[in-house]
Every structure is written in structure tokens, then in C-alpha cells.
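Student: this one's structure only:
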Ligand SMILES: *Cc1c(COP(=O)(O)O)cnc(C)c1O
């Protein structure tokens, strides 16, 4: 089955009982048992049919064994991190999502879990940071907001050699473009709030495992911690995922046009987009993903200049988040990445003048005209 077909026919596409072509929202919190202990579903934290349909769908899309749905991307990440305990050490991409950075530094540190943030695009640096107590590597590729690319296959070989788990946050690429489990990762995570939901109307997280053993551990943690996705949001997410293919194709087409326009614009110092041949990770990304998505960043020159541009735009909404039908704009250094200390932000290149765009589904000529007038 090709990807676009899988998006439509994957998971549990129909209601067996009524023939309804949209899988129903099961709001029941508990389920009648045929006799003691004999049931398909028991209690909705443990399992809910609508959530189950979503979990089947994401497992198929990521080519994994099992899927798990959570109340947010951070709930998914937190639950996965509960695989580790006091004394364990983790390695993460240095420009990891701000919320993940905060979770590690401010929350998990209190539980005795330590971590190092390394440049995962450099395999030697990753290898050098591995300690006897290291248990996992957690990476994003492309990263947010500088779109750096890490070689998933190479890091997975390194992880295997050292018996480490490889966890990939695949939010930016989506399963439509990139499938980390097929490249050697053990767990893939999504903030489904972004492209998978796609319409800025649901907060959700997903995780998929590559083995029944890991799935069993994660199912136990999901049920024990209880940060599960509700039935209505599960349904919304299924509905969003059905159109992921056509959204990603269109978004990418427009993003390429905008990236080219920005590269040619005299007032733009630098454009970060893996779809540009000039991007450092272009070839590598192409070797592990089928598309480049719709996030790009550019260096406007200064914080004032960035704010000037933002206030002149008509079609780009100033907001956190990304991956929806409407185009969004943000200043990562002051917004999504504000929880990263200023010193660290500077080190990794997240300046005050760095502007991030998440391209939506508006007509590309309107977006180009809008950027043109704002930059001028
Ligand atoms: C948004 C985001 C998260 C967090 O997800 P929430 O749904 O907001 O909790 C994690 N990773 C990445 C890459 C994100 O963009």
C-alpha cells in the first residue's frame, strides 16, 4: 500500500457494527465484561476503541509494532523517559525542542537522571559522549529551528553497538516523509499537535515502538501514568491524519518557493531549509526522508528587524506551534526556545533576529507577496 492510501485505509477505517465510514467516538469510560476478566476493553485509561483506532493507524504509518496516544507531545516524551531511572544518563540533540530540554534539566534531573546535549550531526561527538551509564540517544532531525540533519542510520548503528535505545522525535518530518523505525530507531515520538492534527485544534502526542518488548513496557507506563488522549481528540487526530499526504505535498511545494525567494532577497542574511541544495544536511536528509516539510528559518539581522517584519505581515500569524493549515511566524529565541538559557541559545545560533516560518495551505502567491511587502 502506498503512503497516501495507507493514510486513508490504515488503522481501523470503518465501524464494523454500523458500516459507518468514519470510526465512531466511543465516550464510554468503562466496558461491560462478558464474565469476570473476559473483555475486549476494560477501562478507558487502559484502552479505548477510538484511541485504539488511532494507535493502530500511527503504528502502521511508522511501520512499528504498537502505537500509543497521549494527551500531548510532552506527555508522550515524559512517559517514554519513564523507561529510565536514577543513575541513567541520556544523550540528546543540542537544539532539541525547548520543552524537552526543560523536562530533562528541570524535572528529570530531580529524579537522578542526567543528560548531555550534543551536536548529533557529528557522529564523533555522539560517540565521545557515551558513558557506561548512558541508556539512550534522543534526537530530532530536522531540528527546531535551525533544521540541522542527523544521520539516523549511523546513530542507530552506534546505539546498537553500545546497547542504547534510539528515540527519534519525528514531529517535523511526519510519517509521511520519514520513518525512523525503518532506519534503526527503537521508538519514534510525535507532537501530533503539529502536522498530524494539522488544523490547530488538538493537543496530542504519539509514540510507536519497534518491538513487542518495548511495546509492553510502554503500555505499562501509559496505563500507570495515565496521560492518555481522550476519545474526542483521538477522533480529531484520525480525521487530521487522513489528509496528511495531500497537505504535506502542497505545504512543501509552497515552502520551496518561499525558501528560494528568501535566498534571493538582499536583506535576508541566511536561510535554513533542508530542501535547499545549499543546506548542509540536504543530501543526508534526502537519503533518509522523502520530503522536506514546511518549516524554514531565516536570519533577519536583528531582533528589531524581526519584529518589524512580523508586524507588517498579513497572512502569517504570530504564534507558537507549527504544522497547521494556516501559516505561522515566530521568533524562536523569544518564544519556543525562551526556556533555553541565553548563553546556550547564542552558542547554537538561535539569535534574536532568527525568524521561523511554518508554511500553511494558503495560495503561495499571496504568501510570497506578503513576505515581499513586509521585507521591503
Ligand atoms: C511541539 C513539540 C513538542 C511538544 O509537543 P506538545 O504537543 O506541545 O506537548 C515536542 N517536540 C517537538 C519537535 C515539537 O515541535
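Tutor: That came in fine, so what should we check first? Given the structure is predicted, the values throughout are model-derived calculations rather than measurements. Numbering: from 1, shown residues only.
Student: how many neighbours does residue 369 have?
Tutor: Using other Cβ atoms under 10 Å as the criterion, residue 369 is surrounded by 13 other residues. All C-beta atoms are positioned from the backbone trio N, CA, C, and that covers glycine.
Student: Which secondary structure element is home to it?
Tutor: For residue 369, the enclosing helix or strand under DSSP states H and E is helix 364-375.
Student: same thing with residue 150?
Tutor: With DSSP H and E as the criterion, the answer for residue 150 is that it lies in no helix or strand.
Student: rewinding a little: what residues does the helix holding residue 369 touch?
Tutor: Counting by Cβ atoms under 8 Å, 6 or more residues apart in numbering, the neighbours of helix 364-375 from elsewhere in the structure are 253-254, 257-258, 261-262, 265, 267-268, 309-310, 312-316, 327, 359.
Student: Quick check: PyMOL command selecting the buried ones in these.
Tutor: Typed into PyMOL, the next command selects the buried ones out of the contacts of helix 364-375 (criterion: 16 or more other Cβ atoms under 10 Å):
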select buried, resi 254+258+261+262+268+309+310+313+315+316+327+359
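Student: ok, back up a step: show me how far the helix holding residue 369 is from its chain's centre.
Tutor: Its chain's C-alpha centre and that of helix 364-375 lie 27 Å apart, by Cα atoms, centre = their mean, to the nearest Å.
Student: pLDDT of it, averaged?
Tutor: What helix 364-375 shows for mean pLDDT is 97.
Student: Just the buried positions in it, please.
Tutor: 364, 367, 368, 370, 371, 374, 375.
Student: Nearest to residue 347, out of these: which one, please.
Tutor: residue 375 (27.9 Å; Cβ to Cβ).
Student: From the ligand, how far out is that closest one?
Tutor: In this structure, residue 375 and the ligand are separated by 26 Å, where distance is defined by Cβ to the nearest ligand atom, to the nearest Å.
Student: count of residues packed around residue 307?
Tutor: Using other Cβ under 10 Å, residue 307 has 17 neighbouring residues.
Student: mind checking the backbone torsions on the one residue in the stretch 151-300 of the chain that gets nearest to the ligand?
Tutor: Shortest the stretch 151-300 of the chain-to-the ligand distance, computed as Cβ to the nearest ligand atom: residue-wise this is residue 191, at 3.0 Å. Backbone dihedrals for residue 191, given as degrees, to the nearest 10, come out at phi -90, psi 100.
Student: Can you give me the pLDDT of it?
Tutor: Value listed for residue 191 in the pLDDT field: 98.
Student: Quick check: closest non-adjacent residue to it.
Tutor: The spatial neighbour of residue 191 that comes closest, neighbours along the chain excluded (Cβ to Cβ, 6 or more residues apart in numbering), is residue 73 at 2.8 Å.
Student: which residues does that neighbour contact?
Tutor: Residues in contact with residue 73 (Cβ under 8 Å, 6+ apart) are 99, 171, 189, 190, 191, 192, 193, 194, 203, 204, 205.
Student: The same query, at a cut-off of 10 Å, please.
Tutor: Under the criterion of Cβ atoms under 10 Å, 6 or more residues apart in numbering, the neighbours of residue 73 are 97, 99-100, 169, 171, 189-194, 203-207.
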